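A.B. asks: Predicted structure and sequence below. I'll ask about it afterward.
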Amino acid sequence: VLWGSSPMKALMDIDTLVEIIRQKGQQVGPVLAVCAFTVAVSVAVPLSFLTLLAMVALGPVSGFVCTVAGAVLGATASYLVGSWLGRPAIERLGGERLNDLSRRLGSKGLRAVIAVRLIPVAPFAVVNMLAGATHIRLRDLLLGTLIGMMPMTLTMVFFTEHMLAALKNPNTSSVLMLGLTVLAIVIAAWAVRRWMR
């Protein structure tokens, strides 16, 4: 409704919106962007949204660096919160079933984190807090996060400009490229899910 029939329509124009985001990215710079990314991902703002925002605001290379650094710092921060809360608090919230799950995840720490990052089953910050309160080591969490988030992050690095072009000027080739990108992501997610099973 806001996009189509209100005074905000001018602001919601994709060219205007991208320009505003890029101007803010230039003003903030990469260091403050990493700090903001870290805080946002720690309070459960979706990682995929933040990644897209970083790519648009800072460009593909700086956006990639911001995403990786912010995700690692945010994972560490929320892991430490989970560790501080401790297993008793988590067990009270989740019960024995969660405790049993944490033991299983702890024995497959790195692989479990990679799987959860490839196929997100819970918000990024929640997974990190659970890992901190359970048997998963911080090293496994961070390495698993890096490995597991790479496919989607690299996809966004290569295709963000194509997605923006398709939104700005929806012609046959740009829409086709966008469709192929979405199809590739869906097929990759299906293949990873099947492999993890």
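C.D. replies: Sure thing, it's come through. If you're wondering where the values come from, they're calculated on a predicted model, not measured in any experiment. Residues are numbered from 1 along each chain as shown.
A.B. asks: ok, A33 - how many residues close by?
C.D. replies: Neighbours of A33 under the rule other CB atoms under 10 Å: 24. (Glycine included, C-beta is placed from N, CA and C.)
A.B. asks: Quick check: what element follows the helix or strand where it lies along the chain?
C.D. replies: For A33, the element it lies in under DSSP states H and E is helix 14-42. The element immediately downstream of helix 14-42 (helix or strand, assigned by DSSP H and E) is helix 47-58.
A.B. asks: For that next one, name the packing helices and strands.
C.D. replies: helix 14-42, helix 60-107, helix 138-168 (3 or more CB pairs under 8 Å, 6 or more residues apart in numbering; DSSP states H and E).
A.B. asks: export those helices to a markdown table and tack on distance to F49 and mean pLDDT?
C.D. replies: Formatted as a markdown table, the helices and strands packed on helix 47-58 follow (distance: least, CB to CB, whole Å; pLDDT from 0 to 100):
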| stretch | distance to F49 | mean pLDDT |
| --- | --- | --- |
| helix 14-42 | 9 | 83 |
| helix 60-107 | 11 | 79 |
| helix 138-168 | 11 | 83 |
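A.B. asks: Please name whichever of the ones you listed is nearest to I114.
C.D. replies: helix 138-168 (4.3 Å; CB to CB).
A.B. asks: Show me the contact partners of stretch 178-188.
C.D. replies: P151, M152, T155, F159, H162, M163, A166 (CB atoms under 8 Å, 6 or more residues apart in numbering).
A.B. asks: how about it as CSV, C-alpha atoms only?
C.D. replies: Extracted in CSV, the C-alpha atoms of stretch 178-188 (Å, rounded to 0.1, in the frame of the first residue of the first chain):
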residue,chain,number,x,y,z
LEU,A,178,16.7,-12.9,-11.9
GLY,A,179,14.6,-16.0,-12.5
LEU,A,180,17.6,-18.2,-13.2
THR,A,181,19.3,-16.8,-10.0
VAL,A,182,16.3,-17.7,-7.9
LEU,A,183,16.1,-21.1,-9.5
ALA,A,184,19.8,-21.8,-8.9
ILE,A,185,19.4,-20.8,-5.2
VAL,A,186,16.3,-23.1,-4.9
ILE,A,187,18.1,-26.0,-6.5
ALA,A,188,21.2,-25.5,-4.4
